[in-house]
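> Just a sequence and a predicted model for now, questions to come.
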Amino acid sequence: MTPPIQIRTLTSVPFEENTYVVWLPGRGDAVVVDPGLEPDMILDFLRDEGLTPSAILNTHGHADHIAGNEVMKQSFPAAPLVIGANDVPLLRNAELNLSAAFGFEIISPPADRTVTEGDIVEAAGLRFEVYDVPGHSPGHVVFVFRGPPCVVFGGDVLFRDGVGRTDYPGGDARLLYDGIRGKLYTLPLDTVVYPGHGPVTTIGHEMGNNPFVVK
């Protein structure tokens, strides 16, 4: 039986963005999901836990989710940076990744690997399935760990009682809602969703309560 995964949430200001460090008990390697604007906090946690990232996963390319990429790659150059293929342009463009709109410029290192629907990412003894769920950004992906329990690292797709904004460049509400209903809502009801902002939720809760995408 697969050991339960360990997940630590590290929330960075000013956008209250959730970075996740994911690892298996007894191992010294980990996966970092969406390193945000306080990378030193991530480095401190990794050091305190004796963990070394073996992959850096970006659910999408908006600034608050990629701001820590450069520090992570400088500190752990062997860890591949992974992002959805259609969000690659956001890594290197401050206008597209929205940092310019907030008065600062964030430029990420280039991706080491791009992924699309159906791809598998294996790192730190973990196996993630990739789903394309665009709508918040053109190339937004989510990473699904089948568990048990099933876990989704969902970025800015599905929140507790909410969904990601679709008024940014490349946003599309219909695509987002269709992706949630057609992909995430096919997962088991007890699937735990770790979102890019706010508290965790479950697929069952959202199917019954989310005002944007009630099943």
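Structure received. Numbers count the residues shown, from 1 in each chain.
> Low-confidence stretches in this structure?
Applying pLDDT under 70 to the chain picks out residues 1-3.
> show me where it has strands.
Under the criterion DSSP state E, the chain contains strands at 6-12, 17-23, 29-33, 52-58, 81-84, 113-115, 120-123, 126-132, 141-145, 151-155, 158-159, 162-163, 192-195, 201-202.
> nearest to Asn209, of the ones you listed?
strand 201-202 (9.0 Å; CB to CB). Glycine gets a C-beta too; all of them are placed from N, C-alpha and C.
> And the contacts of the closest one?
158-161, 189-193, 195 (CB atoms under 8 Å, 6 or more residues apart in numbering).
> Can you tell me which of those is nearest Asp178?
Leu158 (12.7 Å).
> Redo the strands of the chain as CSV? Include distance to Val214 and mean neighbour count.
Below are these laid out as CSV (distance: least, CB to CB, whole Å; neighbours: other CB atoms under 10 Å):
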stretch, distance to Val214, mean neighbour count
strand 6-12, 26, 17
strand 17-23, 24, 24
strand 29-33, 27, 26
strand 52-58, 29, 25
strand 81-84, 26, 26
strand 113-115, 29, 18
strand 120-123, 31, 15
strand 126-132, 20, 20
strand 141-145, 20, 26
strand 151-155, 17, 26
strand 158-159, 12, 24
strand 162-163, 11, 19
strand 192-195, 15, 22
strand 201-202, 14, 20
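> now the ones you listed as a markdown table including distance to Asp64?
Below are the strands of the chain laid out as a markdown table (distance: least, CB to CB, whole Å):
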| stretch | distance to Asp64 |
| --- | --- |
| strand 6-12 | 8 |
| strand 17-23 | 4 |
| strand 29-33 | 13 |
| strand 52-58 | 11 |
| strand 81-84 | 14 |
| strand 113-115 | 20 |
| strand 120-123 | 22 |
| strand 126-132 | 21 |
| strand 141-145 | 16 |
| strand 151-155 | 10 |
| strand 158-159 | 14 |
| strand 162-163 | 16 |
| strand 192-195 | 13 |
| strand 201-202 | 19 |
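> Which of these sits closest to Ser75?
Comparing these under CB to CB, the one sitting nearest is strand 52-58, at 8.3 Å.
> list the helices and strands that closest one packs on?
The contact analysis (3 or more CB pairs under 8 Å, 6 or more residues apart in numbering; DSSP states H and E) places strand 52-58 against strand 29-33, helix 69-75, strand 81-84, strand 120-123.
> and Thr52, what does it touch?
Contacts of Thr52 (CB under 8 Å, 6+ apart): 28-30, 46, 76, 79.
> that older thread, between the contacts of strand 201-202, which is nearest Asn93?
Nearest to Asn93 out of those is Pro195 (CB to CB; 24.7 Å).
> That closest one pairs with what?
Listed by DSSP bridges, the beta-bridge partners for Pro195 are Gly155.
> just Asn58 next, same as before
Applying DSSP bridges, one finds that Asn58 bridges with Ile83.
> Isn't it up against Asp64?
No. Counting by CB atoms under 8 Å, Asn58 stays clear of Asp64, with 11.1 Å between them.
> Identify the contacts common to these two.
If you check Asn58 and Asp64 against CB under 8 Å, 6+ apart, no residue is contacted by both.
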